[in-house]
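>>> what would the 3D arrangement of this be:
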Amino acid sequence: MTLKYAIIGAGALGGYYGGRLAQAGSDVHFLFNTDYTYVCDNGFRVDSVSGNFHLSKLNAYNSTSAMPVCDVVLVCLKTTNNHLLPELLKPILHANTLVVLVQNGLGLEESLERHLPDIQLAGGLAFICSNKIGPGHIRHLDLGKLVLGAHKMNQPEVLQQVCRDFQQAGVPCQMSDDLYFSRWQKLVWNVPFNGLTVVLNTTTDRIMANHSSRELAFELMLEVVAAANQCGVKLEESFARKMLDMTAGMTPYAPSMKLDFDFKRPMEIEAIYSNPVSKAAEAGFAMKQVAMLEKQLRFIQAQLA
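Alright, predicted model coming up:
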């Protein structure tokens, strides 16, 4: 099965994962925003711990209305832009196009499904340290695994082929048989380290190097684990310890929310904090520490406006 891919949001995530697919020979079409003219003139560059590459020619667009209809759409936008998706997606969908939301947070698929009820939908979790360092220029620092899970689809073999295409492109990729479980798993890392790097104005390595901040990160992790269990997701406390140990061995990193803060952009508070807090509350569990972090982030966001 040969698939035609669209990448919506060719930044730190979409640029890397889409670039790997294109480098391996897949038919990939990239939607760019401000980098469109630069990429058309200069190509697209990725500096990666897994091997640098440069795509001198690629299928670049500044509007989905100019893009071809595709078999798979990888949405790698920040969730703060998800309100744009219904209109962005319509020109590139056929009846069985699979849309994969490669984004952080909870409730994303359900929200899009309300606007596009007939859509074929999956989710993706990117375990990667990468950032955009210039026009058409991505730096991949560490990790890189991609986890894919179905939300609602009538052709599961398509998502399996996507997984194989990534594997053949050198991207560690695996299937999840429970997307909801996997999204809660990812929150165990996202909740503490996205928020704390903003509130403390620091990076992951400095949080891990200080006893107090490391303990705070772990307490937040345990609260996410407890909330997940209350919501029917059986996570073990040992998973939080595993994530903490993984972070200790990571390259020093400023997560995406910290970069959004640094550049005075909207932060993904709703998807990563508000939605899990609300979901847990519906199940009778109060995420007190996470809710406090959420309120701190909302205060900080208001000062950036």
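
>>> which helices and strands sit right next to the helix or strand where Gly124 lies?
Taking DSSP states H and E as the definition, one finds Gly124 inside strand 120-134. If contacts are counted by 3 or more CB pairs under 8 Å, 6 or more residues apart in numbering; DSSP states H and E, strand 120-134 sits against helix 14-23, strand 93-102, helix 108-115, strand 137-152, helix 179-199. Where C-beta positions appear, they are placed from N, C-alpha and C, glycine not excepted.

>>> turn those into TSV, including distance to Ala209.
TSV is the format used below for the helices and strands packed on strand 120-134 (distance: least, CB to CB, whole Å):
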stretch	distance to Ala209
helix 14-23	27
strand 93-102	30
helix 108-115	33
strand 137-152	17
helix 179-199	13
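
>>> among these, which comes closest to Leu58?
Relative to Leu58, the nearest member of the helices and strands packed on strand 120-134 by CB to CB is helix 14-23, separated by 5.9 Å.

>>> what's the closest one in contact with?
5, 7-8, 10, 28, 30, 44, 46, 48, 53, 55, 58, 74, 76-77, 102, 126, 128, 130, 132, 138, 140, 144, 146, 165-166, 169-171 (CB atoms under 8 Å, 6 or more residues apart in numbering).

>>> so it versus strand 93-102, what angle?
Angle, helix 14-23 to strand 93-102, by axes from the mean of the first three to the mean of the last three CA atoms, to 10 degrees: 120 degrees.

>>> paired strands for the strand holding Gly124, with orientation please.
Paired neighbours of strand 120-134 in the sheet (DSSP bridges): strand 93-102 (parallel), strand 137-152 (antiparallel).

>>> now do it against helix 108-115, angle only.
Using the same axes, to 10 degrees: strand 120-134 against helix 108-115 is 120 degrees.

>>> just the CA trace of strand 120-134, in PDB.
In PDB, the C-alpha atoms belonging to strand 120-134 read as follows (Å, rounded to 0.1, in the frame of the first residue of the first chain):
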ATOM      1  CA  GLN A 120     -11.300   8.700  10.000                       C
ATOM      2  CA  LEU A 121      -9.300   9.600  13.000                       C
ATOM      3  CA  ALA A 122      -6.200   8.500  15.000                       C
ATOM      4  CA  GLY A 123      -3.800  10.000  17.400                       C
ATOM      5  CA  GLY A 124       0.000  10.200  17.600                       C
ATOM      6  CA  LEU A 125       2.300  10.700  20.600                       C
ATOM      7  CA  ALA A 126       5.800  12.000  19.800                       C
ATOM      8  CA  PHE A 127       8.500  11.200  22.300                       C
ATOM      9  CA  ILE A 128      11.100  13.500  20.900                       C
ATOM     10  CA  CYS A 129      13.300  16.500  21.800                       C
ATOM     11  CA  SER A 130      13.300  18.800  18.800                       C
ATOM     12  CA  ASN A 131      12.800  22.500  18.100                       C
ATOM     13  CA  LYS A 132      12.800  24.900  15.200                       C
ATOM     14  CA  ILE A 133      16.000  27.000  15.100                       C
ATOM     15  CA  GLY A 134      15.400  29.000  11.900                       C
END
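
>>> buried set for it?
Across strand 120-134, burial judged by 16 or more other CB atoms under 10 Å covers 120-126, 128-132.

>>> would you format those as JSON lines with distance to Glu109 included?
As requested, the buried residues of strand 120-134 are arranged in JSON lines below (distance: CB to CB, whole Å):
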{"residue": "Gln120", "distance to Glu109": "11"}
{"residue": "Leu121", "distance to Glu109": "5"}
{"residue": "Ala122", "distance to Glu109": "8"}
{"residue": "Gly123", "distance to Glu109": "6"}
{"residue": "Gly124", "distance to Glu109": "11"}
{"residue": "Leu125", "distance to Glu109": "12"}
{"residue": "Ala126", "distance to Glu109": "16"}
{"residue": "Ile128", "distance to Glu109": "20"}
{"residue": "Cys129", "distance to Glu109": "25"}
{"residue": "Ser130", "distance to Glu109": "23"}
{"residue": "Asn131", "distance to Glu109": "26"}
{"residue": "Lys132", "distance to Glu109": "25"}
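
>>> nearest to Ser212, of these?
Nearest member of the buried residues of strand 120-134 to Ser212, counting by CB to CB, is Cys129, at 23.8 Å.

>>> bridge partners for that closest one, pull those for me.
Asp142.

>>> got a list of what it touches?
Counted by CB under 8 Å, 6+ apart, Cys129 has contacts 140-143, 250-251, 253.

>>> repeat that with 10 Å
Residues near Cys129 by CB atoms under 10 Å, 6 or more residues apart in numbering: 12, 49, 139-144, 204, 250-255.

>>> just Asp178 next, same as before
Asp178 makes contact with 149-150, 184-185, 233-234, according to CB under 10 Å, 6+ apart.

>>> need the residue closest to the centroid of the chain.
Gln103 (2.9 Å; CA atoms, centre = their mean).
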